[in-house]
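K.L.:
This is a predicted model, with the sequence first.
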Amino acid sequence: MTPFDYVRADGPAAAVNQVAGSPGAAFLAGGTGLIDLMKLYVERHDRLVDVGRLPFDQVEATDGGGVRIGANVRNSDLAYHELVRTRYPVLSEALLSGASPQLRNMATVGGNVMQRTRCPYFRDGFSPCNKRAPGTGCSAKDGYNRPNAVLGVSEQCIAAHPSDMCVALVILDATVRTQGPKGERAIPFADFHLPPGDTPDRETVLEHGELITAIDLPAAPWATRSTYLKVRDRASYEFALASAAVALEVADGVIKTARIGLGGVATRPWRAADAEKVLVGQKPTPEAFAAAGEAATKGAVPRQFNGFKVALARRVVARALEAVAAVR
Ligand SMILES: Cc1cc2nc3c(=O)[nH]c(=O)nc-3n(C[C@H](O)[C@H](O)[C@H](O)COP(=O)(O)OP(=O)(O)OC[C@H]3O[C@@H](n4cnc5c(N)ncnc54)[C@H](O)[C@@H]3O)c2cc1C
């Protein structure tokens, strides 16, 4: 780990100035992702600006039935919050499927949104990796790619996005609120994470020094019937091999609204909009759910060791839909 200065920000504007004015600076929140990456020499910063004590620590109901989540709300506090458990169970379940209780007690919403891939070649600090060292190549494409993505991949990068929480946020039409050197922004969550393309090192639309202040969730009555299903190599404290965030609204025996997101298999939190269209107007049957699973993985590009993820993701989608359809 290279030496760095530690600064505690006394307000959002100061935090933005302290990072924006220094190319080697970064925001520090819970530290559960960033410090690991610095210890591994994957990231090197000469200054960390601690934003973890800024007053973005509330979960509040908003006019019209939505919820505003402060960027510093801890993952545990968000998962157990009454507004989230009752209005957006998929978000609560996604959070509780992630990491461990100790990590969830430290990890913040802003940090979770910004967490980086667990691709072993990215994290080893020395293998060719276009995300860590642009222009060096992608070791995963023809290497050990079992944990890597099959959807949204490019020739430059097949790293899977690791977050569970983000898969729920992408089906809930969340908005990311930021404060940066150029002022405030509201960014639709679906546009927030970038596909790898030719620049996998650029992962989000944030500018250097732009601070996440909150996540807004709109009213979503259909989300009361939602769930998150995560399949992984062990029952806890493990990232997803494939996961699905789903929601269903069924009226008069027919699906009116369907939402499907995928985790563990894509380069960014993945909204399977085509699979949602397959369901709307159909009866909630196992056949319809299987068809949605097929549609959700259309365009997948499997590699030597991760081809199983295509079949797994289909089944995870279908099973999650069956589970949520059975909710009374
Ligand atoms: C062993 C282990 C297992 C894990 N398992 C899972 C899992 O199963 N599922 C899962 O989803 N996650 C998992 N995680 C990841 C964990 O959720 C993240 O490390 C955590 O959410 C990061 O939050 P943090 O507050 O600690 O962020 P930090 O580590 O402080 O920061 C992470 C990044 O976010 C940036 N950042 C932080 N706050 C802001 C802000 N307000 N605005 C802009 N940028 C900001 C930082 O600059 C940094 O780049 C695991 C982590 C570990 C260490």
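P.N.:
The structure has been received and is ready for your questions. Residues are numbered from 1 along each chain as shown.
K.L.:
who in the stretch 201-328 of the chain is up against the ligand?
P.N.:
Within the stretch 201-328 of the chain, the residues that sit near the ligand (C-beta under 6 Å from any ligand atom) are 211-212, 239. Using the backbone N, CA and C atoms, a C-beta is placed for each residue, glycine as well.
K.L.:
Mind doing that once more with 8 Å?
P.N.:
206, 210-213, 230, 232, 237-240 (C-beta under 8 Å from any ligand atom).
K.L.:
These in strands, which ones?
P.N.:
Among those, DSSP state E puts 211-213, 230 in strands.
K.L.:
Show me what counts as buried in stretch 83-102.
P.N.:
Residues 83-84, 87-99 are the ones in stretch 83-102 that count as buried (16 or more other C-beta atoms under 10 Å).
K.L.:
Could you pull up the residues touching residue 253?
P.N.:
283-284 (C-beta atoms under 8 Å, 6 or more residues apart in numbering).
K.L.:
Against residue 325, how distant is it?
P.N.:
Residue 253 sits at a distance of 11 Å from residue 325 (criterion: C-beta to C-beta, to the nearest Å).
K.L.:
Residue 164 now?
P.N.:
For residue 164 relative to residue 325 (C-beta to C-beta), the value is 22 Å.
K.L.:
Settle it for me: which of these two has more neighbours?
P.N.:
A count of neighbours by other C-beta atoms under 10 Å puts residue 164 above the other of residue 164 and residue 325, at 25 against 19.
K.L.:
Let me know whether the more buried one touches residue 263 as I believe.
P.N.:
Yes. The pair residue 164 / residue 263 is scored as a contact, 5.9 Å apart, by C-beta atoms under 8 Å.
K.L.:
Between the two, which contacts overlap?
P.N.:
94, 230, 240, 243.
K.L.:
got the residue ranges for the helices in this structure?
P.N.:
Remark: helices assigned in the chain by DSSP state H are 12-20, 34-39, 75-80, 82-87, 89-96, 101-106, 109-114, 120-123, 165-171, 189-192, 273-279, 286-296, 308-325.
K.L.:
The second one - contacts with which helices or strands?
P.N.:
Contacting helix 34-39 under the criterion 3 or more C-beta pairs under 8 Å, 6 or more residues apart in numbering; DSSP states H and E are the following elements: strand 25-28.
K.L.:
The strand it packs on near the ligand at all?
P.N.:
Yes. For strand 25-28 and the ligand, the contact criterion (C-beta under 8 Å from any ligand atom) is met by 26-28.
K.L.:
In that strand, which of the residues would be classed as buried?
P.N.:
So, applying 16+ other C-beta under 10 Å, buried residues of strand 25-28: 25-28.
K.L.:
One more: stretch 134-152?
P.N.:
Residues of stretch 134-152 classed as buried: 138-141, 143, 145-152 (neighbour count, 16+ other C-beta under 10 Å).
K.L.:
ok, and the closest non-adjacent residue to whichever residue of the stretch 101-250 of the chain sits closest to the ligand?
P.N.:
Nearest residue of the stretch 101-250 of the chain to the ligand: residue 111, at 2.1 Å (C-beta to the nearest ligand atom). Leaving aside its sequence neighbours, residue 111 sits nearest to residue 29 (C-beta to C-beta, 6 or more residues apart in numbering; 4.2 Å).
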